[in-house]
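Fold the stuff below for me.
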Amino acid sequence: MGIPLDLLITKDSNVYEMTCAVIKRAELLTLSGESEELALKGEKVVSTAIGQILTKKVEYEITD
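Sure, this is the predicted structure:
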């Protein structure tokens with residue numbers, strides 16, 4: 001999965017919050033072992049995390 005640039009460009013939200021969500025998702029992908037599967041497919045963990053957040057395959061919620 002590549003980064004959907006059209007969604008990234010048109011995204012109208014807090015970039016800091018989205019960045020934190022992507023970092024957390026990338027960490028979860030790595031800890032769950034999915035990073036090895038992604039590497040076999042030639043995909044990158046961070047690119048996959050960005051794509052999942054932008055396409056809302058994975059949603060995030062900001063809590064205090």
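
Give me the contacts around the longest helix along the chain.
Determined from DSSP state H, the single longest helix within the chain is helix 15-31. Outside helix 15-31, the residues within contact range by C-beta atoms under 8 Å, 6 or more residues apart in numbering are 11, 35, 38, 45-46, 48-50, 52-53, 58, 60, 62. From N, CA and C alone the C-beta is placed, and that goes for glycine too.

Please narrow those residues to those residing in strands.
Secondary structure assignment (DSSP state E) places none of those within strands.

hmm, which two among these are most spread apart?
With C-beta to C-beta as the measure, no two of those lie farther apart than 38 and 62, at 26.2 Å.

quick one: which of those two has more around it?
residue 38 (17 against 8; other C-beta atoms under 10 Å).

Against residue 47, how distant is the more buried one?
9 Å (C-beta to C-beta, to the nearest Å).

And residue 14, by the same measure?
21 Å.

so where's the chain uncertain?
1 (pLDDT under 70).

Excluding chain neighbours, what is closest to residue 35?
residue 45 (4.9 Å; C-beta to C-beta, 6 or more residues apart in numbering).

Look up how far residue 30 lies from the residue nearest to the spatial centre of the chain.
Residue closest to the average C-alpha location in the chain (C-alpha atoms, centre = their mean): residue 49, at 1.9 Å. Separation of residue 49 from residue 30 (C-beta to C-beta) stands at 10 Å.

likewise residue 46?
Taking C-beta to C-beta, one finds residue 46 at 10 Å from residue 30.
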